[in-house]
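Engineer: sequence and predicted structure, then a few things I'm wondering about:
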Amino acid sequence: MNKTEAFKKIMMEQTEIALATSVKESPNVRIVNFIYDQEKRCLFFSTFKGNQKVTEFTANPNVAFTTIPKDDTNHVRVPHAQVKRSSLTVYDTVNQWIKKIPSYAENIEQAGDMLELYEVHFTEAIVILGMNSRETIHL
């Protein structure tokens, strides 16, 4: 499997990222669920309206993330990305959420109106496969 195929597999199978923000040289990282849209070439995640993440995105839209592997050490790392509020809603992406994370249906059902959808855009990703395989790909 080439690195681009590995990237797509990881982005479709792994369900969480560690998302890093920074405001006034103060870093912050948190775990969020995500979906990846191959056609739009962006990652989506949702968050509650007006929380600290939203304040941080407004102050500095530059973010970094790494996927969180479950069964092996393969993961994707993106040190340079931009986050923005999506024009879509969680309801627009509900089928993608449920396909990837079936239990997310309950989150959307109970809190969908309180959630905002965000997009993370990036053009390069580091694909790490095991201990000795690391390559930067361009999307």
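Structural biologist: Nice, thanks for sending it over.
Engineer: show me where the chain has its strands.
Structural biologist: Using DSSP state E, the strands assigned to the chain run over residues 16-23, 26-33, 35-37, 42-48, 62-67, 75-85, 115-121, 124-129, 133-138.
Engineer: so what strands line up beside the last one?
Structural biologist: For strand 133-138, the pairing partners within the sheet under DSSP bridges are strand 124-129 (antiparallel).
Engineer: average pLDDT across the strand it pairs with?
Structural biologist: Mean pLDDT, strand 124-129: 96.
Engineer: how about the strands of the chain in a markdown table, adding mean neighbour count and distance to residue 100?
Structural biologist: Heads up, the C-betas are built off the backbone N, CA and C, glycines and all. Shown next, in a markdown table, are the strands of the chain (neighbours: other CB atoms under 10 Å; distance: least, CB to CB, whole Å):
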| stretch | mean neighbour count | distance to residue 100 |
| --- | --- | --- |
| strand 16-23 | 19 | 11 |
| strand 26-33 | 12 | 8 |
| strand 35-37 | 19 | 5 |
| strand 42-48 | 20 | 10 |
| strand 62-67 | 21 | 12 |
| strand 75-85 | 18 | 15 |
| strand 115-121 | 19 | 14 |
| strand 124-129 | 19 | 18 |
| strand 133-138 | 12 | 21 |
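Engineer: my read: residue 45 touches residue 107, true?
Structural biologist: No: in this structure, residue 45 is not within contact of residue 107 by CB atoms under 8 Å, at 11.7 Å.
Engineer: thanks again, I'm all set now.
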